[in-house]
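need a 3D model of the sequence below.
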Amino acid sequence: MFRNNKLIGYRAMLNFTQEDMAKKLGISRQAYSEKERGKIPFKDSEKRLIKSLIKEMNPIVTIDEIFFS
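The predicted model follows:
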């Protein structure tokens, strides 16, 4: 797995901390950190929720752009 720098950038653009994102996903900050660093994969439901948060500032963003490119 790999560190998701694109997701980190989007999180920064949203002005969210890892703690903020973890709360939105209903997981611990540590679990979110491990997911963001690529140690644990995001669930599909988590990917959809993250996409919906980012979509507020970038309406054309796709899950593939966030997690796979």
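
buried set for the longest helix anywhere in the chain?
If you go by DSSP state H, the chain has its longest helix at helix 44-55. Neighbour-count burial for helix 44-55, counted by 16 or more other C-beta atoms under 10 Å, picks out 46-47, 49-51, 53-54. Glycine gets a C-beta too; all of them are placed from N, C-alpha and C.

now tabulate these in JSON lines and tack on pLDDT and distance to residue 16.
Shown next, in JSON lines, are the buried residues of helix 44-55 (pLDDT from 0 to 100; distance: C-beta to C-beta, whole Å):
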{"residue": "46", "pLDDT": "98", "distance to residue 16": "14"}
{"residue": "47", "pLDDT": "98", "distance to residue 16": "16"}
{"residue": "49", "pLDDT": "98", "distance to residue 16": "12"}
{"residue": "50", "pLDDT": "98", "distance to residue 16": "10"}
{"residue": "51", "pLDDT": "98", "distance to residue 16": "14"}
{"residue": "53", "pLDDT": "96", "distance to residue 16": "8"}
{"residue": "54", "pLDDT": "97", "distance to residue 16": "10"}
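
thinking again about what came up before, now whichever helix or strand comes after the longest helix of the chain: mean pLDDT?
Once the chain leaves helix 44-55, the next helix or strand it forms, by DSSP states H and E, is helix 63-67. Here helix 63-67 scores 94 as its mean pLDDT.

can I get helix 63-67 in PDB, CA atoms only?
C-alpha atoms of helix 63-67 as PDB (Å, rounded to 0.1, in the frame of the first residue of the first chain):
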ATOM      1  CA  ILE A  63     -13.400   8.000  -6.100                       C
ATOM      2  CA  ASP A  64     -10.800   6.800  -8.600                       C
ATOM      3  CA  GLU A  65      -9.100  10.300  -8.600                       C
ATOM      4  CA  ILE A  66      -8.900  10.400  -4.800                       C
ATOM      5  CA  PHE A  67      -7.900   6.800  -4.100                       C
END
